[in-house]
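Visitor: Okay, structure incoming, though there's no sequence with it:
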């Protein structure tokens, strides 16, 4: 199928789309992802319980033991089905928003560095190199100590602040290549100011590869978020995130293993779906593969 | 070789100074201090405490004092654990963390490379599918899921191993933490080794080695393996960073008395000297490991060191 596409001279994106659609792994990943997303949106509405409602009659009951707590309850009698799905919702929300934050920083930084060139470029990319050599957790821990713990805005900033480095490198490389093209030359010659050239002509042409990279980073962002919440530096009780649910579950696993297994399985399924999708996307766009 | 190493050292030291300076500035500029507790202290007590810990001095003086202390291996007093200095806390925890981390890296190297070679040699057979599936899973799952799950299965269900504690490093207590840390790294190494060995096995010089009548084992060990290991070696730096961050989780899950939990607890308590000390120690460790990884790379690939 892709051979005919190549022969007809279709572009990279069209061929990639075709390859993506023909991959069974990608189809399954999409179905799984859609199921999780839809469940996380409507699931909590279907249950009679809210995420912080205490049910004193049913403390730490296993899944299926009572009619209304479909996935059991925790030590305080809070419904695990609702809490886990809200955790999934929060994880997805934070990871998508953090990806956007990292995109904005990364595109700005990389495009300005690549476009300015010379000494500015050198210093800006040197900063990226130094940050790269630090493990991300240091930066995140410093940032979370800086501000109030548990604030979603800080969490977004902290996670986004780490993710932009690779984006900046990709964008700079693309900008350097774009800078030499005729249409940029033409825009400059007609007197468009540098900022205008950057915004109107350079950035729109960068978005393709950057968007692909962004989808690949979403599972990474989900792991960052739940990692911080697991350590107690992210989302705080009574709010639920997959990270802090797993943290509590790990402490209770001897007497109530479902408290670990329920949120852990959702996280595992989510990560597997996103990773399969990412791998499929990468393979589809790899020009070396036939 | 020696000159290559010497050339890298000043840059590494400079990066360390940048880490110290930046984290010093950020930690000191952060709103909220270590003595912000529920009951407010009287201004006199507060002033005395600030004076005792040097917090009333200008920032530059504090910075100079801190740097001078660092050169003597003195990280200052811990603000949250009043009876200990940061140096004492680190000296207590570091042997535990270092043991677990080192064992994990060794295990990951041996296991990961062996699995990658096996998968490449038996390409598209059962062994290969088993290894690649397992590796894909281990790469996708974070250590705070792998750790509790391993503890649940091997500790609580099968009763083979203890679930938590250290007991002066007796073997049974070390197994699960090391396994948790090593699995994702081993999986990465296996994937890298498999891909690069497959590529090397297709090159003309391997084909000609085979054509000369050399046995499969000799072709692999003498000709194919060394270039195929390059991606794995260059992954050593990121692997070290992964093990360091992973140790925070592993020490929490398995209740190990290591240094990782100090970083987290210090951040929660706003214990400036403790967080700073941990960042300096971990930063120095990572830079040293990165330097070692680069040196190993230069040793394996002569092209690099003459650049």
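Guide: Right, received. Where do you want to start? Note that the structure is a prediction, hence the values are computed from the model and not measured.
Visitor: packing partners for the helix or strand encompassing residue A:15?
Guide: According to DSSP states H and E, residue A:15 maps onto helix A:12-22. When contacts are defined as 3 or more Cβ pairs under 8 Å, 6 or more residues apart in numbering or on different chains; DSSP states H and E, helix A:12-22 packs onto helix A:2-7, helix A:258-285. In this view, the C-beta of every residue, glycine as well, is placed from N, C-alpha and C.
Visitor: So which elements touch the lengthiest helix in chain B?
Guide: Counting by DSSP state H, the longest helix found in chain B is helix B:86-121. In terms of contacts (3+ Cβ pairs under 8 Å, 6+ apart), helix B:86-121 is packed against helix B:126-140, helix B:171-201, helix B:230-234, helix B:236-253, helix B:260-269, helix B:272-300.
Visitor: what would those look like in TSV with mean neighbour count and distance to chain A?
Guide: Output for the helices and strands packed on helix B:86-121, formatted as TSV (neighbours: other Cβ atoms under 10 Å in any protein chain shown; distance: least, Cβ to the nearest Cβ, whole Å):
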stretch	mean neighbour count	distance to chain A
helix B:126-140	16	5
helix B:171-201	22	11
helix B:230-234	19	14
helix B:236-253	23	4
helix B:260-269	22	5
helix B:272-300	20	6
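Visitor: Residue B:218 is nearest to which of the ones you listed?
Guide: Checking the helices and strands packed on helix B:86-121 against residue B:218 by Cβ to Cβ gives helix B:171-201 as the closest, at 13.8 Å.
Visitor: what's the average pLDDT for that closest one?
Guide: For helix B:171-201, mean pLDDT is 89.
Visitor: Now do it and helix B:126-140, the angle between them.
Guide: Put simply, helix B:171-201 runs at 120 degrees to helix B:126-140, going by axes from the mean of the first three to the mean of the last three Cα atoms, to 10 degrees.
Visitor: what about chain A, any weak spots by pLDDT?
Guide: For chain A, residues meeting the criterion pLDDT under 70 lie at A:1-13, A:133-135, A:144-150, A:286-290.
Visitor: in it, which spans are helices?
Guide: Secondary structure of chain A (DSSP H): helices at A:2-7, A:12-22, A:24-46, A:80-116, A:118-133, A:136-146, A:152-179, A:182-189, A:194-197, A:203-231, A:242-252, A:258-285.
Visitor: possible to save these as JSON lines with mean neighbour count?
Guide: Putting the helices of chain A into JSON lines (neighbours: other Cβ atoms under 10 Å in any protein chain shown) gives the following:
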{"stretch": "helix A:2-7", "mean neighbour count": "12"}
{"stretch": "helix A:12-22", "mean neighbour count": "15"}
{"stretch": "helix A:24-46", "mean neighbour count": "15"}
{"stretch": "helix A:80-116", "mean neighbour count": "22"}
{"stretch": "helix A:118-133", "mean neighbour count": "14"}
{"stretch": "helix A:136-146", "mean neighbour count": "22"}
{"stretch": "helix A:152-179", "mean neighbour count": "21"}
{"stretch": "helix A:182-189", "mean neighbour count": "13"}
{"stretch": "helix A:194-197", "mean neighbour count": "13"}
{"stretch": "helix A:203-231", "mean neighbour count": "20"}
{"stretch": "helix A:242-252", "mean neighbour count": "23"}
{"stretch": "helix A:258-285", "mean neighbour count": "21"}
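Visitor: Where does the prediction get shaky in chain B?
Guide: Residues of chain B that meet the criterion pLDDT under 70 lie in B:1-2, B:27, B:29-40, B:169, B:302-307.
Visitor: what does the stretch 151-290 of chain A have sitting close to chain B?
Guide: Residues of the stretch 151-290 of chain A found near chain B (Cβ under 8 Å from any Cβ of the partner chain) are A:219, A:223, A:226-227, A:230-233, A:243, A:246-247, A:249-250, A:253-254, A:257, A:260-261, A:264, A:267-268, A:271-272, A:275.
Visitor: Mind doing that once more with 10 Å?
Guide: Residues of the stretch 151-290 of chain A found near chain B (Cβ under 10 Å from any Cβ of the partner chain) are A:219, A:222-224, A:226-233, A:242-243, A:246-247, A:249-251, A:253-255, A:257, A:260-261, A:263-265, A:267-268, A:270-276, A:278-279.
Visitor: That's all I had, so thanks and see you.
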